[in-house]
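# Here is a sequence with its predicted model. Questions after.
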Amino acid sequence: MTHWNVQPDIMSFAKGVSSGYLPLGGIMVSKDIKEVMDSVKPDDKWMHAYTYSGHPTCCAVGLKNVEIMERERLWERSATLGTRLHKALHAAFDSHPNVGDIRSGKGLIAAVELVEDKATKKQFDPDRKIGARLMQEMSKRGVITRARMENIFYSPALVITEEQLDRMVSVTQEAVKAVTGK
Amino acid sequence: MPVQAAELIKSDQEHLIHPLHHPSDHLEPMVYVKGRGAMITDIQGREYIDGLAGLWNTNVGHGREELAKAAATQMGELAYFSAYAGSSNIPAVELAEKLISLSYKNMQGVFFTCGGAESNESAFKTARFYWKAKGKPDKVKIIARHNAYHGVTLQAMSATGMAPYWKMFEPRVPNFVHIPTCYPYRQDGAKPGETPGQTASRLLEEAIVREGPDSPSMAAAAASIRATTTSRSCARSVTSTRCSSSQTRSSRASAGRATGSP
């Protein structure tokens, strides 16, 4: 978010706050909103709740998780490896006739969109199940990830090694070749 | 081992209902048993690079003993207690304080949930609450984007901009409005000469005007909409559970994967 100079009034979060070790999420609210929550009449109070809101064990894991991320400065690793992934994906696929879009460059998260025709951006026929076949070929070669239609997603742990990251990209290349012939 | 896996999978197919459940997607499921760093291992002992960190979430990698110990220690003391108003616990307070210290200067309070859909449910309700408290009870609409995923509880599903998620569960919750997503490669609604950001701002502004400026309570949004939502008095909500801001921030650690874009 700091990349884009946006300041939310409410910010939903989950997933990485506990690195998924225990279920945890939440909302952060602005001073303005908190003041309103604190100052309404009791009759108008914020009648929202979950049994497990503020769960002690989930929060303890969240706290330790944030401590680990700060201690290991994982946001820096995300930036560095994100750049590595960005360069590797472009090197691998910029001239591939079936890769239409590469979304990367801001941290360790990326996507590659395959198309039948690069010039027209025509999508593959869904019956060809390109996404599912790509996932199978990648899995055979020791990489698990997810695809939505012909968009391959990357979002590995911030502790992934450079070797593993490079292998993730080379396996993708092999999988794309196995499925498209190119 | 293979025999055990076969029996397990049979039981799984008979008794366990999975997210996005359909037997045709679960004929030969992978059973994962172990994780270390960015690697996971299946029940057959095969190792894989986990390219998605679980579901976009295991930032610190699999197999961290420290986290297991933190859970065990807390469970040994007080595994669970209610945190309803009038009761509290130390880890919840400390984590709330920590997250606020890492977040934007205008952030003040944290309400914890067990996941992103619950977070978004809480966000939508809080936006409406805010406007009712401010004397604008008709500001109830939520503006979200096509192709954006906000979870699939009923409100969150209504905000999620992907029709396959609605089909077998409609009617959706009223007052959720969708605008085209930020997708520069295939941008819907772009005018010649506009940057994607300008398109996004304009589409949001047009949606607010179309819906009646006094009706939207929030825009589940990304960058480039700051001016629009300020001038139109809508709360800006970043529903950003899917990706972690520790992936994209250059200067601070944070506890969620948040790019703010769909």
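Cool, the structure landed.
# With adjacent residues omitted, what lies nearest to B:Ala70?
Nearest residue to B:Ala70, sequence neighbours excluded (CB to CB, 6 or more residues apart in numbering or on different chains): A:Lys64, at 3.9 Å. The C-beta positions use only the backbone N, C-alpha and C, and glycine is treated the same way.
# do the same with B:Ala190
Closest to B:Ala190 by CB to CB, 6+ apart is B:Thr199, at 4.6 Å.
# The residue nearest to B:Ala70 and B:Ala68 touch, don't they?
No: using CB atoms under 8 Å, A:Lys64 and B:Ala68 do not qualify as a contacting pair, with a distance of 9.7 Å.
# you'd agree A:Val112 is in a helix?
No: when the secondary structure is assigned by DSSP: H, G, I helix; E, B strand; the rest coil, A:Val112 falls in strand instead of a helix.
# between A:Lys64 and B:Ala68, who's got more neighbours?
In this comparison of A:Lys64 against B:Ala68, neighbours counted by other CB atoms under 10 Å in any protein chain shown, the higher total goes to A:Lys64 at 25 against 13.
# Backbone dihedrals for that one, please?
Main-chain torsions, A:Lys64, degrees, to the nearest 10: phi -60, psi -40.
# show me what contacts it?
Residues touching A:Lys64, when contacts are defined by CB atoms under 8 Å, 6 or more residues apart in numbering or on different chains, comprise B:Glu66, B:Leu67, B:Ala70.
# mind redoing it with 10 Å?
Contacts of A:Lys64 were listed using CB atoms under 10 Å, 6 or more residues apart in numbering or on different chains, and they are A:18-19, A:21, B:60, B:64, B:66-71, B:73-74, B:91, B:95.
# ok, now A:Asn65?
A:16-22, A:24, B:58-60, B:64, B:66-67, B:70, B:95, B:255.
# B:Thr199: which element?
Of the helices and strands defined by DSSP states H and E, B:Thr199 is found in helix B:196-211.
# which residues sit against stretch B:62-73?
Applying CB under 10 Å, 6+ apart, the external contacts of stretch B:62-73 come out as A:18-22, A:57-65, A:67-68, A:71, A:157, A:159, B:32, B:34-41, B:50, B:53-54, B:58, B:60, B:79, B:91.
# if I look at the residue nearest to B:Ala70, how far off is A:Thr57?
Between A:Lys64 and A:Thr57 the computed distance is 11 Å (CB to CB, to the nearest Å).
# Filter the contacts of stretch B:62-73 down to just the ones in helices.
Cross-referencing the contacts of stretch B:62-73 against helices under DSSP state H gives A:57-65, A:67-68, A:71, B:53-54, B:91.
# Buried ones among those?
For the ones in helices among the contacts of stretch B:62-73, a burial check counting by 16 or more other CB atoms under 10 Å in any protein chain shown picks out A:57-65, A:67-68, B:53-54, B:91.
# would you turn the residues you listed into JSON lines with pLDDT and distance to B:Tyr130?
Shown next, in JSON lines, are those (pLDDT from 0 to 100; distance: CB to CB, whole Å):
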{"residue": "A:Thr57", "pLDDT": "98", "distance to B:Tyr130": "31"}
{"residue": "A:Cys58", "pLDDT": "98", "distance to B:Tyr130": "26"}
{"residue": "A:Cys59", "pLDDT": "98", "distance to B:Tyr130": "25"}
{"residue": "A:Ala60", "pLDDT": "98", "distance to B:Tyr130": "31"}
{"residue": "A:Val61", "pLDDT": "98", "distance to B:Tyr130": "31"}
{"residue": "A:Gly62", "pLDDT": "98", "distance to B:Tyr130": "26"}
{"residue": "A:Leu63", "pLDDT": "98", "distance to B:Tyr130": "28"}
{"residue": "A:Lys64", "pLDDT": "98", "distance to B:Tyr130": "33"}
{"residue": "A:Asn65", "pLDDT": "98", "distance to B:Tyr130": "30"}
{"residue": "A:Glu67", "pLDDT": "98", "distance to B:Tyr130": "32"}
{"residue": "A:Ile68", "pLDDT": "98", "distance to B:Tyr130": "34"}
{"residue": "B:Ala53", "pLDDT": "97", "distance to B:Tyr130": "34"}
{"residue": "B:Gly54", "pLDDT": "97", "distance to B:Tyr130": "33"}
{"residue": "B:Pro91", "pLDDT": "98", "distance to B:Tyr130": "28"}
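# Most widely separated two among those?
In these, the most distant members under the criterion CB to CB are B:Ala53 and B:Pro91, with 23.5 Å between them.
# how about B:Phe112, secondary structure?
Secondary structure state of B:Phe112, per three-state DSSP, is strand.
# For it, which non-adjacent residue is closest in space?
Across the structure, with CB to CB, 6+ apart as the measure, the residue nearest B:Phe112 apart from its sequence neighbours is A:Gly26 (4.3 Å).
# State the mean pLDDT of the one helix or strand the one you found maps to.
A:Gly26 belongs to strand A:25-30 when assigned by DSSP H and E. Taken as a whole, strand A:25-30 carries a mean pLDDT of 97.
# And the contacts of whichever helix or strand comes after it?
Helices and strands here follow DSSP H and E; after strand A:25-30, the next one along the chain is helix A:31-39. Contacting residues not belonging to helix A:31-39 are listed as A:9-10, A:27-30, A:44-46, A:48, B:100, B:105-111, B:126-127, B:129-134, B:235 [CB under 10 Å, 6+ apart].
# ok, 6 Å please
By CB atoms under 6 Å, 6 or more residues apart in numbering or on different chains, the residues outside helix A:31-39 that reach it are A:Trp46, B:Asn106, B:Gln108, B:Gly109, B:Tyr130, B:Ala133.
# Validate this expectation: the fourth one resides in a strand.
Think B:Gly109. Yes: judged by three-state DSSP, B:Gly109 forms part of a strand.
# shouldn't it be in contact with A:Val29?
Yes: taking CB atoms under 6 Å as the definition, B:Gly109 is a contact partner of A:Val29 at 5.0 Å.
# For the chain, which segments are assigned as strands?
Chain wasn't specified; assuming chain A. For chain A, strands defined by DSSP state E occupy the ranges A:10-13, A:25-30, A:99-103, A:110-114, A:143-144, A:146-148, A:151-154.
# wait, I meant chain B there
Along chain B, counting by DSSP E, strands occupy B:32-36, B:39-42, B:47-50, B:107-113, B:141-145, B:176-179, B:216-220, B:235-239.
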